[in-house]
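**Student:** Next comes the sequence, and after it the predicted model I'd like to discuss.
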Amino acid sequence: MKNKNDDLIVEKEEVKKISGLKNTLTLLKKAQIKKSTYCWIVLLYAISAVMAVFHAYLTACLTKSITQANFDNFVMIVLLFGVVSMLKMTFQNFQYIFNVKLENLIVKSINTKNYNQVLSLEISNFNDNSSEEFQNRIYAANQISSIIISVLTNIYEIIHNLAYTIIIFIYAPILSLIYAIYPICKIIYNKIMTPKFNALYNKNWKENGIKMTALSREAIIGVKDIKSLNMNNQIIKDYKAKQDAYYEQQNKINTYSIKTKFFMSAIVSLSDIVTFLAGYLLYKYANFSIVSFVLFLSYKGYIRQLFDQFSNLISCVSNVEANSYRGNELYNDKKFSKEKFGNKKLNNIKGDIEIKNLNFSYENKTKLFKNLSLKIEPNQITAIVGRSGEGKSTILSLINKFYSVDDNKIFLDGVDINQLEEKSIRSNIVYIQQSPYIFNMTFRENLLLVNPKATKKELIDACQKSEIYNFIMSTPNGLDTMIGENGIKLSGGQKQRLAIARALLNKAKIIMFDESTSSLDNESQLKIQKVIERLSSNHTIIVVAHRLSTIINANKIIYLKGHKVKDIGTHKELMGRCEDYKNIYKVEIVE
Ligand SMILES: Nc1ncnc2c1ncn2[C@@H]1O[C@H](COP(=O)(O)OP(=O)(O)OP(=O)(O)O)[C@@H](O)[C@H]1O
Ligand SMILES: [Mg+2]
C-alpha cells in the first residue's frame, strides 16, 4: 500500500539538510549529459506545448459546433484536428524514446561513477557501514533517473492540462474559478494531515523494517550455526517481534492512505456539486451559455488533473533531491573518507619494508601501537607471531595502506608510503587472508581479473606454482569450471592456493599470508608451506601464524606482546632466549 510519495516523506529529515537543487545538479553533472540533450528537451516541450494548445482549441471548436448544431467548417476542423492529433502523438512518441535513452544514460554514468567512488573509499568506511548503505547510495542513480523522467512526464502532462484549462477559462471563467474549491480543499487537507502522516513514517518504523530484513538475511547466511546451536525458535521469536512492531505501524499508514483516498473522492464530488449548482444559477441569472456549460463539464477533469500533476511534480522534485543527497554522500568527505595517495612511483621494487615509531589506533579506540618499529627484508620469509588481538593483521593492513597513518612511519623501499601512488603500493603487495574472497565466476575469470592480459601459459604456470593446477584439472571443465553459488565449492586450502595463484599473476613482489595455514589439515598446510618457501627466493614474504610449527623455517620471526615487538630472531634464537615464545611453542607441541 506504499504510494510513490512515501520515500519522499521518509527522507524528509535528510531533505532538510539540502540546499535547493544543488545536490541534484552536482549529481547530474556526473552523468555528463551534453548541452545539446538539454536543448532537445526544451525544443520537444515547446513543440508539445504548441500542439497541446491547438489540440485543446480544436476539441473545444468541435464540442461547440455539436452543442450549437452548427456544422459550418465542421469537416475542415475535423481534418485539422486529425492532423494535430497525429503530430501530437508523433512528438509524444519521440519524447518517450528520448526519455528512455536519457534515463539509461543517467543510470549508466552515475552508477559507474558511484561504484568507482565506493571502491576508492578507505577500508574503515566498510567496517562502519553495512553493504546495504553502499548499495543504497550506488543505486540512488536509478531512483534519480526514474524520478527525473517522472518530472519530465509530469511537465508534459501539466502543459497538456494547462492548455485545456486555459481554453475552459476563456469559455467559463467564473465556473473555473469556483472549481478552485478542489485544490483549496486538497491543500488544507494536506496541511492538516501531512504532519500526522509524517509522524507515522518515523525513523523507528523505517529501522524496524531494516532490522526485520537484516535478520531474515542473516538467518539464511548463518543457518548452520542457527541449526547446530538450536537457535531456530529464538530467531523466529525475534523476527516475529520485529515484524509485529513494523506491521502495527504499517497498518496505521494503510488506514491513513485509505482515509485520504476517501476524502479526495469526497472533495471531487463536493466540487462537482458546487459547480453544477453554480452553473445552473449562472445560466438562469447571468446569461451563461449552454455551450460554455457543456464545455466546462466535459473539460473540468483537466483542471483537476492540472493541480494533481502539479503536486506530483513538487513531490517528485523533493524526491530527486533526497536521492541526490544520498548519492552525493558518497562524495562527501565527512561521511565517507576517500583513500589518499601520493604521486611517487616505485619502479623495480626490491620489497624492503620498514615501520618506524608508528602510533596507531582504530577510530575512537584506545591506542593499539605506540612507537612500533620493525624491518622486513626482501627475498626472505618474515613471520609475525603473538597472541590473538596483538595486532598482527593490523600491521599487514597498515603496510597495505588500508588505514591512514602519519607521514614517515611506514616505508616501502625507503619511500614513505604516504608519498606513493596507489599502483605502486597495491600492485606490489598482495594480502592473502585466511578466507580469501573468490568471485562466483570460473577459475579462468577469477584469475584474469587480476591480470586480464595473462596468457594461458602464464595461468597454468601460476596455478602449478601454487599447487592448485591438478585440482582445477580434476574439475568438469578445468579452468572454465564455475566456482561458487552455481558451481563447485572450494575448501579453505583450495581457496588459499587459488589466491596464491592470483598473487603470482599479479606479479606482486610482496606477498602476505594471514593465518593461511591455521585452519588447514596437515597435507594442505604442507602444500602451502612448500609454495611459500619456493616463493621466498624472489619475493618478500610475510606470514602471520598462530601455529609456530609452520614458521620454524622463517628467516626472521617477530614476536609481539602487549602490542609491542617483544623479540626478533630465528626460531632457534627465540627458543634460546625468549621464555614466552618457548612456552607457547611447548604448549603447541604438547597439543
Ligand atoms: N576494524 C577494526 N576496528 C576497530 N578495532 C579493530 C579493528 N580490527 C581490529 N581491531 C582491534 O585491534 C586489535 C588488533 O586486532 P588484529 O586483528 O590486528 O589482531 P590479530 O593479532 O590479527 O589477532 P588474531 O590473531 O586473532 O587474528 C584487536 O583488539 C581488535 O579488536
Ligand atoms: Mg588476525
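**Tutor:** Yes, it's here. Ligands and ions are numbered 1, 2, ... in the order given.
**Student:** okay, CA-based contacts and neighbour counts for the rest of this
**Tutor:** OK.
**Student:** Domains in the chain, by residue range?
**Tutor:** Following automatic domain parsing, one finds the domains of the chain at 11-172+311-338, 173-287, 353-590.
**Student:** can I get these in JSON lines with distance to ligand 1?
**Tutor:** What follows is the domains of the chain, written out as JSON lines (distance: least, C-alpha to the nearest ligand atom, whole Å):
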{"stretch": "domain 11-172+311-338", "distance to ligand 1": "6"}
{"stretch": "domain 173-287", "distance to ligand 1": "20"}
{"stretch": "domain 353-590", "distance to ligand 1": "3"}
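**Student:** As CSV, those domains with mean neighbour count and mean pLDDT would be great.
**Tutor:** Formatted as CSV, these follow (neighbours: other C-alpha atoms under 10 Å; pLDDT from 0 to 100):
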stretch, mean neighbour count, mean pLDDT
domain 11-172+311-338, 17, 83
domain 173-287, 15, 87
domain 353-590, 18, 88
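**Student:** hmm, who's touching the helix or strand encompassing Leu449?
**Tutor:** Here Leu449 is covered by helix 443-450, with elements defined by DSSP states H and E. Residues from elsewhere that reach helix 443-450 (C-alpha atoms under 8 Å, 6 or more residues apart in numbering): 438-439, 454, 459, 472, 478-483, 501-502, 505-506.
**Student:** switch the cut-off to 7 Å
**Tutor:** For helix 443-450, the surrounding residues in contact (C-alpha atoms under 7 Å, 6 or more residues apart in numbering) are Phe439, Ala454, Leu479, Asp480, Thr481, Met482, Ile483, Arg502, Leu505, Asn506.
**Student:** tell me the contacts of the third one?
**Tutor:** Under the criterion of C-alpha under 7 Å, 6+ apart, the contact partners of Leu479 comprise Thr442, Phe443, Arg444, Ile472.
**Student:** Could you pull up the residues touching the closest residue to the first one other than its chain neighbours?
**Tutor:** Same thing as Thr442. Counting by C-alpha to C-alpha, 6 or more residues apart in numbering, the nearest residue to Thr442 once its immediate chain neighbours are dropped is Met482, at 4.0 Å. By C-alpha under 7 Å, 6+ apart, Met482 lies in contact with Met441, Thr442, Phe443, Ile488.
**Student:** quick one: the strands in the stretch 351-500 of the chain?
**Tutor:** Assigned strands in the stretch 351-500 of the chain, in chain order: 353-360, 369-376, 381-386, 410-412, 415-416, 429-432 (criterion: DSSP state E, counting those that start in this stretch).
**Student:** okay, those in CSV with distance to Ser536 next?
**Tutor:** Shown next, in CSV, are the strands of the stretch 351-500 of the chain (distance: least, C-alpha to C-alpha, whole Å):
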stretch, distance to Ser536
strand 353-360, 15
strand 369-376, 13
strand 381-386, 6
strand 410-412, 18
strand 415-416, 22
strand 429-432, 14
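**Student:** who wins for proximity to Val587 among these?
**Tutor:** strand 381-386 (13.8 Å; C-alpha to C-alpha).
**Student:** Can you show me the CA trace of the closest one as CSV?
**Tutor:** Backbone C-alpha positions of strand 381-386 (Å, rounded to 0.1, in the frame of the first residue of the first chain) are rendered in CSV as follows:
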residue,chain,number,x,y,z
ILE,A,381,60.2,-15.1,5.0
THR,A,382,59.4,-12.9,7.9
ALA,A,383,56.8,-14.3,10.4
ILE,A,384,54.8,-12.2,12.8
VAL,A,385,53.5,-14.1,15.8
GLY,A,386,51.8,-13.3,19.0
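**Student:** and the angle for it with strand 369-376?
**Tutor:** 160 degrees (axes from the mean of the first three to the mean of the last three C-alpha atoms, to 10 degrees).
**Student:** helices or strands next to strand 381-386 in the packing?
**Tutor:** On a contact count with 3 or more C-alpha pairs under 7 Å, 6 or more residues apart in numbering; DSSP states H and E, strand 381-386 meets strand 540-544, strand 556-561.
**Student:** Which neighbours in the sheet does the first one have, and how are they oriented?
**Tutor:** In its sheet, strand 540-544 lies beside strand 381-386 (parallel), strand 510-514 (parallel), with partners assigned from DSSP bridges.
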